[in-house]
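Peer 1: 3D model of this:
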Amino acid sequence: MPVVNRIASMKEEITAWRRDFHENPELLYDVHRTAASVAEKLKAFGCDEVVPGIGQTGVVGIIKGKRWESGKVIAMRADMDALPLEEITGLPYASKIKGKMHACGHDGHTALLLGAAKYLCETRNFDGTVVLLFQPAEEGGAGGKAMVDDGVMDRWGVQEVYGMHNQPGMAIGTFATCPGPMLAAADSVSILIEAKGGHAAKPHLAIDPVLIGSHIVVALQSIASRNVNPLDSAIVSLCMFHAGTAGNVIAQSAELTGTARSLTPQVRDLLEKRIVEISEGTAKLFGGTAKAIYTRGYPVTRNHARQAAFAASVAAQVSGKDMVNDNVTPVMGGEDFSYMLESRPGAFVFFGNGDTASVHHPAYDFNDDAIPAGVSFWARLAETAMPA
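Peer 2: Here you go, the predicted model:
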């Protein structure tokens, strides 16, 4: 069962929605224009219920099938927020707002779910209820958690939840998922070093926080190579090093910041423990002090096995089995869809964006050729999970 003909005929309309979102990016929870547009379209399509303001600025749309005696309730999620980047694509529909752009394809995700909403409102060829979740603040604001905390799963009796994200480098029409961990826990690390400032010509009278910080950066790399089981995944990346104000002054303090990634609770606990121990112990060794602050962010995006297999089977209906990888290697990026998967069984799916710039790059753009397959996946998911 290939791409749905009715959905293929909607491509131009869905593309127009997507490009409008792209021109008008909004950050975190400040997605008022996008949310209003989503709510307006859902009402126009004929959704049975449209509720804004869930998780601050999220929107929920409810579509009942021709029958709903089965009592089945399936949720589908799209994220709406953009990133604080300056776009360099030069496209006719490039961002009109300086310093903001849709560099992760959330404009496309929102348009895909809207396309599915229009189709499902027209056909209603399923027995149950579809709950459409348009969430804010995926990019660091935990909007998925905010919607869950606001009772979205309980209020509408959601039984399973599914999410989908474009993937540059995967061919158009291809899909990928896996059981178990699919994306990593994404935690932040901040290390504050206090030492003794002085003149650069008299280093013996000072305690250099730059030297201490440099040793900490190197020492922390021993965690993945010497503390974590080689068969497990772990990343410790120190990405910022701030110290000093002049080239001839040894600073009084320094700050390191970065991220730690893991796929299991055991490795996550180990990373936190060793980062603190190594940072503070190394500073003491050189006569300074360090305070390591480990802040837990998004948890592991962990697919449920049955739902991941089901999502792969639906993707195969749309594109064929040879276009679906049902055991893709996990990615060490983070996703706040993880909170939804902690609250309900479900699965996260990658779909191909073609040969484009990577996400979070100022030259990235969502590939509109992915629309027919993406919308068809959502439509078939509802119809297959809840057959009329």
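Peer 1: Tell me how far the residue nearest to the spatial centre of the chain lies from residue 243.
Peer 2: Nearest to the geometric centre of the chain sits residue 335, at 3.2 Å (C-alpha atoms, centre = their mean). Applying C-beta to C-beta, to the nearest Å, the value for residue 335 to residue 243 is 33 Å. Quick note: C-beta positions are derived from backbone N, CA and C, even for glycine.
Peer 1: Then residue 339?
Peer 2: 36 Å.
Peer 1: got it, and residue 346?
Peer 2: Using C-beta to C-beta, residue 346 is found at 45 Å from residue 243.
Peer 1: Distance from the chain centre to stretch 205-223, please.
Peer 2: Distance, stretch centre to chain centre, for stretch 205-223: 32 Å (C-alpha atoms, centre = their mean, to the nearest Å).
Peer 1: Quick check: mean pLDDT of it?
Peer 2: In this model, stretch 205-223 has an average pLDDT of 98.
Peer 1: in the longest helix along the chain, what counts as buried?
Peer 2: For the chain, the longest helix by residue count, based on DSSP state H, is helix 265-285. Within helix 265-285, the residues that count as buried by 16 or more other C-beta atoms under 10 Å are 267-268, 270-272, 274-276, 278-280, 282-283.
Peer 1: With adjacent residues omitted, what lies nearest to residue 57?
Peer 2: residue 136 (4.5 Å; C-beta to C-beta, 6 or more residues apart in numbering).
Peer 1: hmm, which helix or strand of this protein has the shakiest average pLDDT?
Peer 2: Averaged element by element with mean pLDDT, DSSP states H and E, the chain has its least confident helix or strand at helix 5-9 (a mean of 91).
Peer 1: one step back: and the longest helix of the chain, how far out from the chain middle?
Peer 2: Between the mean C-alpha location of helix 265-285 and the chain-wide mean there is a distance of 27 Å, by C-alpha atoms, centre = their mean.
Peer 1: what are the pairing partners of the next helix or strand after it, and which direction each?
Peer 2: The helix or strand immediately downstream of helix 265-285 is strand 289-298, counting by DSSP states H and E. Here strand 289-298 is paired, per DSSP bridges, with strand 185-194 (antiparallel).
Peer 1: my guess is residue 276 contacts residue 294, does it?
Peer 2: Yes. With contact defined as C-beta atoms under 8 Å, residue 276 reaches residue 294; the gap is 6.3 Å.
Peer 1: next structured bit after the least confident helix or strand of the chain?
Peer 2: Downstream of helix 5-9, the next assigned helix or strand under DSSP H and E is helix 11-23.
Peer 1: Contacts for the following helix or strand past that following helix, please.
Peer 2: Using DSSP H and E, the helix or strand that follows helix 11-23 in sequence is helix 32-45. Here helix 32-45 makes contact (C-beta atoms under 8 Å, 6 or more residues apart in numbering) with 17, 20-21, 24, 26, 50, 52, 57-59, 61, 80-81, 110, 114, 117-118, 121-122, 132, 134, 136.
Peer 1: Just want the angle from helix 32-45 to helix 11-23.
Peer 2: Taking axes from the mean of the first three to the mean of the last three C-alpha atoms, to 10 degrees, one finds helix 32-45 and helix 11-23 inclined to each other by 160 degrees.
Peer 1: Flag every buried residue along helix 32-45.
Peer 2: 34, 35, 37, 38, 39, 41, 42, 45.
Peer 1: Turn these into CSV, including distance to residue 3 and pLDDT.
Peer 2: As requested, the buried residues of helix 32-45 are exported to CSV (distance: C-beta to C-beta, whole Å; pLDDT from 0 to 100):
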residue, distance to residue 3, pLDDT
34, 26, 98
35, 29, 98
37, 25, 98
38, 24, 98
39, 28, 98
41, 22, 98
42, 23, 98
45, 20, 98
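Peer 1: Which of these sits closest to residue 168?
Peer 2: Of all those, residue 34 has the smallest distance to residue 168: 22.3 Å, by C-beta to C-beta.
Peer 1: just to revisit the earlier point, what about residue 346 and residue 243, which has more around it?
Peer 2: Neighbours were counted for residue 346 and for residue 243 using other C-beta atoms under 10 Å; residue 346 has more, 27 against 19.
Peer 1: Might one say that that one is in contact with residue 164?
Peer 2: No. Using C-beta under 8 Å, residue 346 is not in contact with residue 164, being 11.1 Å away.
Peer 1: CSV for the buried residues of helix 32-45, including distance to residue 316?
Peer 2: As requested, these are exported to CSV (distance: C-beta to C-beta, whole Å):
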residue, distance to residue 316
34, 32
35, 33
37, 33
38, 29
39, 33
41, 29
42, 29
45, 28
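Peer 1: Relative to residue 260, which of these is nearest.
Peer 2: So of those, ranked by how close each gets to residue 260 (C-beta to C-beta), first place is residue 34, at 31.6 Å.
Peer 1: What segments of the chain are helices?
Peer 2: Going by DSSP H, the chain shows helices at 5-9, 11-23, 32-45, 106-123, 143-149, 152-155, 209-222, 265-285, 305-319, 337-343, 371-385.
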